[in-house]
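# mind looking at a prediction? Sequence and model below.
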Amino acid sequence: MRQVVKIIKLWLIMIHKCYKFLLKTETGILVVLLLSMIVLAVVQIIMRNFFSSGLLWVDSFVRIAVLWMALLGAMVASRKGKHITIEVFSQNLSDRMQHIIRRITDTYTAVICFVVMYYSFVFVKTEYEDAGLAFAFIPNWLCEAIIPFAFLVIGLRYMIAALFDLRHL
Amino acid sequence: MVYFLIALLVLVMLSGAPLFVVILSAAMMGFYFADIDLSIIAIELYRITETPLLLALPLFTFAGYLLSESQASERLIKLTRVFFGWMPSGLAIVSLVACAVFTAFTGASGVTIVALGALLLPALIKEGYDKKFSLGLVTSTGSLGLLLPPSIPLILYGIIVQQMDIGQNFTLTELFMAGLLPGLLMIIILAVWVAWITRHRVSEKTSFCWKQAVDAVRDAAWELPLPLFILLGIFGGFFAVSEVAAVTALYVLIVECLIYKEINLRKLIDVMSDSMQMVGGILLILAVSMAFTNYLVDAEVPLHLFEWVKENVDSRLTFLVVLNLFLLVLGAILDIFSALIIVVPLIVPVAIGYGVHPVHLGMIFLANMQIGYLTPPVGMNLFIASYRFNRPITELYQATLPFMLILLFCVIIITYVPWLSLWFLEP
């Protein structure tokens, strides 16, 4: 019996560590994207003005990086439910009612995110079959894949918040 | 059925569901009833990548967050104090100028109150300014400078209008140009009023001192070129706005992290994450709104809206009055970014129908929204000041009221004197 508890504990620690690692990866990608955007944009300006040339793929990369950045930022923002809301009702309600309403809106958010995830996945799938290139050797579908992925993560975070009344994932 | 769903959606929105989800639901509902495959949502979201200007948004936001996390605020106050402090009511005017500059750079996200207000409030009270007056001053100046380049809401307005298909096109540079006079007007009128109201205050006058001036300039030596570069870069026509943003971001990163060494790696990562969360939140709403607006345009909603307004509002002047009232209410319930993203696509066509230039409309819109920062229930400045200075919101209402009335007066001038915003354009 003790052995089992120990193993379960170990598993939980493992899961927790994996989750921490995922969070760090999420932030890490955000940081790398932002830095690469800044550096590449400046390099492009220097190339254009002083060497009258430019890297062909940089403009496309930067524009797609903005989309990735936006969605990654939105993913991170949903860790603590930091998205912009208009709360008019909840201010005058009891704590209990506020929690109930929050759970309902969180569930609703999760459902909508999953619906969007499904339909954008369908879109990415057709793009995969088309096999068009966005820039250099990067295919379109890969750039678009962030859309269903981001909605999956945002949806999951709101679902967990709704199920367990948690606000710190 | 449709009306029932719309009512349900409004209920969900007011209960506190994220705004992007509400707009997404509305867009999907529209496309569903129009028999359009819902995969279009992903296509519409991907349209974000077709707007190269958008790059300016994350870069300027990041630079602004970085500046507000460093000690740039202290250096800015020191500098403005040297050059404006000798005037009568010097410190109050210092507050106005410093806050306006800081807000223009950090994008009016309430950070001015946290970074500058916290330094200015005790200094003001120490120099003998009335407590209530000082509180009102630092709270209401937290959004001053919204109309000055390179403020984020200004850029956002430009981006939204540019990706619409309207007859009158303008560049972001022209929009920045338009903001100069209205922005200065607000500062000057507030400064005159502040000087008048505090004229009986007795305190020792600080005189201009060369040694201090050199000292302050040397302290801020690395940051001083920044506004110059941004203004020259944008108005000189050497760079695109997004290029200026990239250079600004890199420059601020190097200066604050490597030269002043006020931001360490850990903090830098936090700043990046925080600023991109804000950008992500805004861009997500922008992306889903673009989808929703497309549906609305297909359904000819702006056209119907214009016809409906036209039936009830007969002249340009009445339209402007109605517009002002509408925007004031809007600013009181929505934050500036959501308001811009959701409402601008709807009112631009209507305003053009009444002969209001889109650049002028932008100034009217933002000037009204600036007042929205001070009006309940969603007056962001009030909440931030209440939290930061530990004062009840009701006290802040009273303290900011006179400032709000002055700003309202400025909004009226900006609205009814289009020349202020359009002087540089050919008639």
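Cool, got the structure.

# show me where the chain has strands.
Defaulting to chain A. Along chain A, counting by DSSP state E, strands occupy A:85-87, A:133-135, A:138-139.

# try again with chain B
Using DSSP E, the strands of chain B run over residues B:15-18.

# what's the longest helix in it?
Using DSSP state H to define each element, chain B has its longest helix at helix B:265-298.

# list the buried residues of that one.
Buried residues in helix B:265-298, counted by 16 or more other Cβ atoms under 10 Å in any protein chain shown: B:268-269, B:271-297. Quick note: C-beta positions are derived from backbone N, CA and C, even for glycine.

# wait, isn't residue A:139 in contact with residue A:130?
No: checked against Cβ atoms under 8 Å, the pair residue A:139 and residue A:130 is beyond contact range at 9.1 Å.

# quick one, which of these two is more surrounded?
Applying other Cβ atoms under 10 Å in any protein chain shown to residue A:139 and residue A:130 shows that residue A:139 carries more neighbours, namely 16 against 10.

# which non-adjacent residue is nearest residue 30?
All of this is about chain A. Using Cβ to Cβ, 6 or more residues apart in numbering or on different chains and skipping the chain neighbours, the partner closest in space to residue A:30 is residue A:72 (4.9 Å).

# wait, chain B was what I had in mind.
Leaving out its chain neighbours, the residue that sits closest to residue B:30 by Cβ to Cβ, 6+ apart is residue B:295, at 4.0 Å.

# and that neighbour, how far from residue B:33?
10 Å (Cβ to Cβ, to the nearest Å).

# separation between the nearest residue in space to residue B:17 that is not next to it in sequence and residue A:30?
Spatial nearest neighbour of residue B:17, chain neighbours left out: residue A:105 (4.0 Å); criterion: Cβ to Cβ, 6+ apart. Separation of residue A:105 from residue A:30 (Cβ to Cβ): 26 Å.

# out of the strands of chain A, the one nearest chain B is which?
Of all the strands of chain A, strand A:85-87 sits nearest to chain B, with 4.1 Å by Cβ to the nearest Cβ.

# that closest one - what's its average pLDDT?
The average pLDDT for strand A:85-87 rounds to 75.

# what's the answer for stretch A:120-128, then?
Averaging pLDDT along stretch A:120-128 gives 92.

# CA-only coordinates of it in PDB, if you can.
The C-alpha trace of stretch A:120-128 is given here as PDB (Å, rounded to 0.1, in the frame of the first residue of the first chain):
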ATOM      1  CA  SER A 120      -9.700  25.900 -37.700                       C
ATOM      2  CA  PHE A 121      -8.300  22.400 -37.600                       C
ATOM      3  CA  VAL A 122     -10.400  21.500 -40.600                       C
ATOM      4  CA  PHE A 123      -9.000  24.600 -42.400                       C
ATOM      5  CA  VAL A 124      -5.400  23.700 -41.500                       C
ATOM      6  CA  LYS A 125      -6.100  20.100 -42.800                       C
ATOM      7  CA  THR A 126      -7.200  21.300 -46.200                       C
ATOM      8  CA  GLU A 127      -4.200  23.700 -46.300                       C
ATOM      9  CA  TYR A 128      -2.000  20.700 -45.500                       C
END
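
# what's next to that stretch, contact-wise?
A:139-141, A:144-145, A:147-148, A:151, B:39, B:41-43, B:45 (Cβ atoms under 8 Å, 6 or more residues apart in numbering or on different chains).

# let's see that with 10 Å instead.
The contact list for stretch A:120-128 (Cβ atoms under 10 Å, 6 or more residues apart in numbering or on different chains) reads A:134, A:139-152, B:37-43, B:45-46.

# what subset of the residues you listed is buried?
Counted by 16+ other Cβ under 10 Å, those give A:134, A:139-141, A:143-152, B:38-43, B:45-46 as buried.

# so which of the residues you listed belong to helices?
Within these, residues falling in helices by DSSP H are A:140-141, A:143-144, A:146-152, B:40-43, B:45-46.

# so residue B:250 is in contact with residue A:38, correct?
Yes: using Cβ atoms under 10 Å, residue B:250 is in contact with residue A:38, at 5.1 Å.
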